[in-house]
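Enquirer: sequence and predicted model, in that order:
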Amino acid sequence: MRRTVALVVAAGTGQRFGSDVPKQYLPLGGVPILRRAVAAFLDHPRIDAVQVVIGPGQDEACATALAGLALPPPVTGGATRQESVRRGLERLSADPPDRVLVHDGGRPLVAAAVIDRVLDALDAGGAAIAALPVTDTLKRADDGTIGATVDRAGLWAAQTPQGFPFPALLDAHRRFADHPATDDASLFEAAGLPVALVPGDPDNIKVTMADDLARAERLLAPSEFRTGMGYDVHRFGPGDHVMLCGVRVPHDRGVVAHSDGDVGLHALTDAILGAIGDGDIGQHFPPSDPRWRGASSDRFLRHAVDRLAARGGRVVNVDVTIVCERPKVGPHRAAMVERMAAILGVGPDRVSVKATTSETLGFTGRAEGLAAQAVATVALR
């Protein structure tokens with residue numbers, strides 16, 4: 001089976017955007033622009049891996065934006081987009097894929113259908129890019145006035161992703177390193193190789209200026225709200241602490257669990273997955289899989305949030321109730337809210353943590369274990 005890797009290029013400094021923070025790290029609907037772009041490919045069933053290229057000095061910002069995602073270390077790009085892509089390709093050449101999709105990290109709203117169309121064209125042979133036919137009348141300027149009307153017949157506006165056979169694209173970048181190009185298809189053209197055009201998406205915008213971010217926010221405006229519920233329980237066992245809502249809480253017992261046994265995060269993960277009809281935590285992280293033995297549950301919750309973001313959604317608010325006789329939750333409540341807000345990428349005012357007992361009734365009342373219920377409201381566009 002052919003292996004396909006997405007190369008997400010996010011090495012810009014955002015000078016045209018006018019922000020102190022490179023635009024790819026700015027929030028869009030509560031989620032960093034770059035994370036949205038990367039998640040679209042990580043969640044695509046026909047993409048085997050994603051490699052990110054970032055600018056010099058952006059390691060900390062990248063680590064924060066992409067925390068918890070299954071990604072290799074980022075590649076440091078160069079002074080131009082072309083050089084950044086080439087450096088990313090050179091990194092991939094150590095274990096070369098059969099095909100590569102190059103995507104702008106500033107295009108956070110790429111749809112799975114667009115990725116599929118590029119991949120389908122690659123299946124047919126050659127290379128392909130997503131693009132839109134030009135529909136507006138084009139004018140060439142001459143010192144602030146119209147110098148000529150340009151015939152728009154046959155003109156297309158290029159988007160990303162752009163897909164290529166990996167060896168051919170790497171060769172083109174090496175051969176034409178001194179040939180200035182604003183996209184990768186230009187290098188294929190310079191090599192005399194054909195590139196197919198497939199329909200892009202008007203919503204697959206590139207965030208370059210502040211107005212673009214405002215438009216992206218409007219595109220993300222919810223068309224519907226959904227609610228999901230989750231529940232989890234673990235019995236007590238040997239140990240000296242329990243994990244609750246991402247916080248280590250000292251206790252005279254631990255819990256019996258395959259992962260770290262955080263009932264709060266497990267319940268919330270199921271609530272978010274339930275809101276988008278995407279199965280449950282056991283389907284995504286089977287307890288029979290040794291990879292998740294002792295795993296930190298924030299990985300599960302981040303996965304659910306990324307699945308939501310890939311569908312154009314965002315978390316509106318969450319409410320978690322912990323049921324136990326002990327340990328006491330109150331002294332740790334603020335830390336739990338702060339931790340979950342950070343994982344979800346929302347403000348702490350959108351996170352609620354409550355605790356109650358079962359009045360000594362049942363297994364929680366007998367202090368045999370603890371449980372959690374969670375409700376999550378999400379917005380989908």
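Expert: Good, I have the coordinates. Everything quoted here is computed from the prediction, not taken from an experiment.
Enquirer: all contacts plus neighbour counts: C-alpha atoms, from now on.
Expert: Noted.
Enquirer: show the average pLDDT along the helix or strand where Ala63 lies.
Expert: Taking DSSP states H and E as the criterion, Ala63 maps to helix 59-65. If you average the pLDDT over helix 59-65, you get 95.
Enquirer: and His241, backbone torsions?
Expert: Backbone torsions of His241, given as degrees, to the nearest 10, read phi -170, psi 160.
Enquirer: so for it, what's the pLDDT?
Expert: Per-residue pLDDT puts His241 at 96.
Enquirer: just Gly68 next, same as before
Expert: 87.
Enquirer: quick one, what contacts it?
Expert: 298-299, 302-303 (CA atoms under 8 Å, 6 or more residues apart in numbering).
Enquirer: so which strand or helix has it?
Expert: Here Gly68 is assigned to no helix or strand, by DSSP H and E.
Enquirer: got phi/psi on it?
Expert: Gly68 adopts backbone torsions of phi 90, psi -10, taken as degrees, to the nearest 10.
Enquirer: quick check: Pro180 vs Leu187, distance?
Expert: 9 Å (CA to CA, to the nearest Å).
Enquirer: looking at the two, which is more packed in?
Expert: Leu187 (23 against 13; other CA atoms under 10 Å).
Enquirer: the more buried one: which element?
Expert: According to DSSP H and E, Leu187 maps onto helix 184-190.
Enquirer: contacts for that helix next, please.
Expert: Identification of contacts with helix 184-190 by CA under 8 Å, 6+ apart yields 82, 102, 129, 162, 169, 172-173, 176, 179, 181, 194-195.
Enquirer: if you look at the residues you listed, which of them are in helices?
Expert: Among the contacts of helix 184-190, the residues falling in helices (DSSP state H) are 82, 169, 172-173.
Enquirer: so which of these is the closest to Thr137?
Expert: Among these, Gln82 lies closest to Thr137 (CA to CA), at 29.6 Å.
Enquirer: please work out how many residues are found near that closest one.
Expert: Gln82: 23 surrounding residues under other CA under 10 Å.
Enquirer: could you do Arg3 as well?
Expert: For Arg3, using other CA under 10 Å, the count is 14.
Enquirer: looking at it, it is touching Asp48, isn't it?
Expert: Yes - counting by CA atoms under 8 Å, Arg3 touches Asp48, with 6.3 Å between them.
Enquirer: next one: the residue lying closest to Glu83 once chain neighbours are set aside from Arg175, what distance?
Expert: Closest residue to Glu83 apart from its sequence neighbours, by CA to CA, 6 or more residues apart in numbering: Gly77 at 6.7 Å. Taking CA to CA as the measure, Gly77 falls 18 Å from Arg175.
Enquirer: which one's more surrounded, those two?
Expert: Taking neighbours as other CA under 10 Å, Gly77 and Arg175 compare with Gly77 leading, 23 against 13.
Enquirer: ok, that one touching Val85?
Expert: Yes - proximity of Gly77 to Val85 meets the contact threshold set by CA under 8 Å, at 7.3 Å.
Enquirer: where do the contact lists of these two overlap?
Expert: Val53.
Enquirer: quick check: closest non-adjacent residue to Ala310.
Expert: Spatially, and ignoring its direct neighbours in sequence, Ala310 is nearest to Ala40 (5.2 Å; CA to CA, 6+ apart).
Enquirer: what helix or strand does the one you found sit in?
Expert: Applying DSSP H and E, one finds Ala40 within helix 33-42.
Enquirer: ok, the helix or strand following that helix: who's next to it in the sheet?
Expert: With elements assigned by DSSP H and E, the helix or strand that comes after helix 33-42 is strand 49-54. Paired neighbours of strand 49-54 in the sheet (DSSP bridges): strand 4-10 (parallel), strand 75-76 (parallel).
Enquirer: out of these, which one sits most buried?
Expert: Counting by mean count of other CA atoms under 10 Å, strand 4-10 has the highest mean neighbour count of the strands paired with strand 49-54, with a mean of 26.
Enquirer: pLDDT score assigned to the residue lying farthest from the centre of the chain?
Expert: In the chain, the greatest distance from the average C-alpha position (CA atoms, centre = their mean) is reached by Gly147, at 43.8 Å. Listed pLDDT for Gly147 reads 91.
Enquirer: tell me where the stretch 151-300 of the chain has helices.
Expert: Using DSSP state H, counting those that start in this stretch, the helices of the stretch 151-300 of the chain run over residues 166-175, 184-190, 210-219, 263-275, 281-284, 298-310.
Enquirer: to Ala374, which of those lies closest?
Expert: Closest among those, using CA to CA: helix 263-275, at 5.1 Å.
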